[in-house]
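Undergrad: Using only what follows, build the 3D model:
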Amino acid sequence: MDTSLSFFIFCSLLLFAFSPSTAQTSFRPKALVLPVTKDVSTSLPQYITQLKQRTPLVPIKLTVDLGGGYLWVNCEENYVSSTSKPARCGSAQCSLFGLYGCSGEKICGRGPDNSVTGVGTYGDIHGDVISIQSTDGNNPGRAVSVPNFLFICGSNVVQEGLPNGVTGMAGFGRTKVSLPSQFASAFSLYRKFAICLSSSTGSDGVIFFGNSPYNLNMDVSKSLTYTPLLKNPVSTAVSSFLGEPSVEYFIGVKSIKVSGKTVPLNTTLLSIDSNGIGGTKISTVNPYTVMETTIYKAVTDAFVQSLGVRTIAHVAPFGTCYSVYDISFSRMGPDVPSIDLVLQNKNVVWSIIGANSMVRVNNDVICLGFVDAGSNPSSSLVGFVNGGSKPVTSITIGAHQLENNLLQFDLATSRLGFSSLFLEHTNCANFNFTSSV
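TA: Here you go, the predicted model:
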């Protein structure tokens, strides 16, 4: 046998043997699926998923954090498992987290961040069994497991602010230990995942890991428009090591239009500078879109002028509100001007229609679901409301603006596919979760 070929085979076997996420199953799924539920029990909506962890398996509820770097779970209370193993300092498992700390017991760790509240602490890195449903894109299939899925142990302190029964956060960011990366490694999936958030608290949305089809009464992946995913050279996380890049997902907004007319604004704010400030990112932990104050004022002024309806007293955190009785409605939601994010060229546009731009705050009042972050926008709406944090991003597209939009994150090619399902006459609650094997 050729020497180079022998060496390649040896290295491949070695990598497989020491992979922290090698799945112990003869069945190889083509894709995986998780439900996502909109939870409004806290002061601001959160989006919750559930999978099974530990031995014996226990269902765990997690807040979905699109830009989070990893899975963290509260180990301080009722965490019992015969298969939980700490990651030892200097091990391959620790190195997957990049920079890390080391405890007196020689267990490596990092800070589990609650990106909803802006609280971060320190926790040991562990591995344990994770179980998740497979799918063919149409229905859920058999459950499959990963025996040593890496996560960080959180605490009661960092769990505060999550809905009742939610014990951690599921990170989908651009790291080697996020949920998409570990699942792709374990099952040799395409390095893609797709998120579809439902607007209803009574009907689940869906997350797919792996390649399409994504069947929501039709294969909605065929309607995607694509734009490059950008990287921020500076971390935007609650706690991070100096020099680490951001693991969140940024896109290149070039201009903004309201009713087809370009909004005059300082376009330099739309780019990410060398200090990591500026640009546009996508978030599931910010429930509404947050804008730097000059961008917010320009967009809302254009919106108010174009709609031509008198505003009423605002309802926090929103600054532009109307009487419900002054707004007409259609299948596309409130009949208001579209807000268009123009991306790499004039033909690639993310249109935010009334169903995504407006928020019904009570029986009588409806508001534009955009929030003024001030001149130093924080990385979290909650952080801003509670006093702010370091200035980071000019525009954060929030979860309300994502609802009933399919977003496919192709990590291999670093591009985002997006499609409004309203235009396809379907919605994110149309995946069939009832049929399984």
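
Undergrad: drop to CA atoms for contacts and neighbour counts, all remaining ones
TA: Noted.

Undergrad: all helices for the stretch 251-400 of the chain, in order.
TA: For the stretch 251-400 of the chain, the helices defined by DSSP state H, counting those that start in this stretch occupy 293-307, 354-357, 381-385.

Undergrad: wait, which of the ones you listed is closest to residue 115?
TA: helix 381-385 (8.8 Å; CA to CA).

Undergrad: ok so, going back, now the helices of the stretch 251-400 of the chain in a markdown table, with distance to residue 280 and mean pLDDT?
TA: Below are those laid out as a markdown table (distance: least, CA to CA, whole Å; pLDDT from 0 to 100):
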| stretch | distance to residue 280 | mean pLDDT |
| --- | --- | --- |
| helix 293-307 | 12 | 97 |
| helix 354-357 | 17 | 98 |
| helix 381-385 | 14 | 40 |
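
Undergrad: so which of these gets nearest residue 264?
TA: Set against residue 264 and scored by CA to CA, these come closest in helix 293-307, at 6.8 Å.

Undergrad: which residues are contacting that closest one?
TA: For helix 293-307, contacts defined as CA atoms under 8 Å, 6 or more residues apart in numbering pick out 256, 258-259, 263-266, 311, 320, 336-337, 370-375, 377.

Undergrad: and the residue nearest to residue 86 when sequence neighbours are not counted, what helix or strand is that in?
TA: Using CA to CA, 6 or more residues apart in numbering and skipping residues adjacent in sequence, the residue nearest residue 86 is residue 126, 4.2 Å away. Element membership of residue 126 [criterion: DSSP states H and E] is strand 123-135.

Undergrad: where's that strand relative to the chain centroid, distance-wise?
TA: Here strand 123-135 is found 18 Å from its chain centre; the criterion is CA atoms, centre = their mean, to the nearest Å.

Undergrad: for that strand, packing partners?
TA: Contacts defined by 3 or more CA pairs under 8 Å, 6 or more residues apart in numbering; DSSP states H and E place strand 123-135 against strand 31-39, strand 46-53, strand 85-86, strand 108-110, strand 140-154.

Undergrad: Run the angle between that strand and strand 46-53 for me.
TA: If you take axes from the mean of the first three to the mean of the last three CA atoms, to 10 degrees, strand 123-135 sits at 90 degrees to strand 46-53.

Undergrad: give me the low-pLDDT residue ranges for the stretch 51-200 of the chain?
TA: For the stretch 51-200 of the chain, not a single residue meets the criterion pLDDT under 70.

Undergrad: Okay, strands next: where are they in it?
TA: With strands called from DSSP state E, counting those that start in this stretch, the stretch 51-200 of the chain shows them at 58-65, 71-74, 85-86, 101-102, 108-110, 113-114, 119-120, 123-135, 140-154, 166-171, 192-196.

Undergrad: Equivalent analysis for the stretch 301-437 of the chain, please.
TA: 321-323, 329-330, 333-334, 339-342, 349-352, 358-360, 365-368, 370-372, 395-397, 405-410, 415-420.

Undergrad: Give me the most central residue, this structure.
TA: Nearest to the mean C-alpha position of the chain, by CA atoms, centre = their mean, lies residue 66 at 1.7 Å.

Undergrad: Any regions of the stretch 301-437 of the chain where pLDDT drops low?
TA: Those would be 375-391, 435-437, if you go by pLDDT under 70 across the stretch 301-437 of the chain.

Undergrad: redo that, cut-off 80
TA: Within the stretch 301-437 of the chain, the stretches with pLDDT under 80 are 374-391, 435-437.

Undergrad: about what we covered before: the strands of the stretch 51-200 of the chain: which one's closest to residue 93?
TA: Residue 93 sits nearest to strand 140-154 of all those, at 7.6 Å, using CA to CA.

Undergrad: Report the angle between the closest one and strand 31-39.
TA: 60 degrees.

Undergrad: before we move on, back to that, could you pull up the contacting residues of the residue nearest to the centre of the chain?
TA: Counting by CA under 8 Å, 6+ apart, residue 66 makes contact with 170, 171, 172, 173, 248, 249, 282, 283, 284, 285.

Undergrad: ok, of the residues you listed, which one's closest to residue 95?
TA: Taking the contacts of residue 66 together and measuring to residue 95 by CA to CA, the closest member is residue 173, at 16.9 Å.

Undergrad: and the closest one, how many residues sit next to it?
TA: Neighbourhood size, residue 173 [other CA atoms under 10 Å]: 22.

Undergrad: Residue 408 is in contact with residue 419, correct?
TA: No. Contact criterion CA atoms under 8 Å: residue 419 and residue 408 do not qualify, at 9.0 Å.

Undergrad: Those two: who's more crowded?
TA: Neighbour totals were compared for residue 419 and residue 408, and residue 408 leads with 26 against 23 (other CA under 10 Å).

Undergrad: So which of the helices and strands packed on strand 123-135 is the most surrounded?
TA: Of all the helices and strands packed on strand 123-135, strand 108-110 has the most neighbours on average by mean count of other CA atoms under 10 Å, namely a mean of 25.

Undergrad: Parallel or antiparallel, which strands does it pair with?
TA: strand 101-102 (antiparallel), strand 123-135 (antiparallel) (DSSP bridges).

Undergrad: contact partners of the shortest one?
TA: Going back to what we said before, that points to strand 101-102. By CA under 8 Å, 6+ apart, strand 101-102 touches 89, 108, 109, 110.

Undergrad: Now tabulate the residues you listed in TSV and tack on distance to residue 289.
TA: As requested, the contacts of strand 101-102 are exported to TSV (distance: CA to CA, whole Å):
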residue	distance to residue 289
89	40
108	36
109	32
110	29
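
Undergrad: Just the closest of the residues you listed to residue 48, please.
TA: Nearest to residue 48 out of these is residue 110 (CA to CA; 23.1 Å).

Undergrad: Can you name the residues bridging to the closest one?
TA: On the basis of DSSP bridges, residue 110 is bridged to residue 123.

Undergrad: check contacts around it.
TA: Contacts for residue 110 (CA under 8 Å, 6+ apart) come out as 100, 101, 122, 123, 124, 125, 152.

Undergrad: now swap in residue 79 and tell me
TA: Taking CA under 8 Å, 6+ apart, one finds nothing in contact with residue 79.

Undergrad: can you check residue 29 too?
TA: Residue 29 sits next to 134, 135, 136, 187 when contact means CA under 8 Å, 6+ apart.

Undergrad: What separation do you get for the nearest residue to residue 355 once chain neighbours are set aside and residue 412?
TA: Spatial nearest neighbour of residue 355, excluding adjacent residues (CA to CA, 6+ apart): residue 333 at 4.2 Å. Separation of residue 333 from residue 412 (CA to CA, to the nearest Å): 35 Å.
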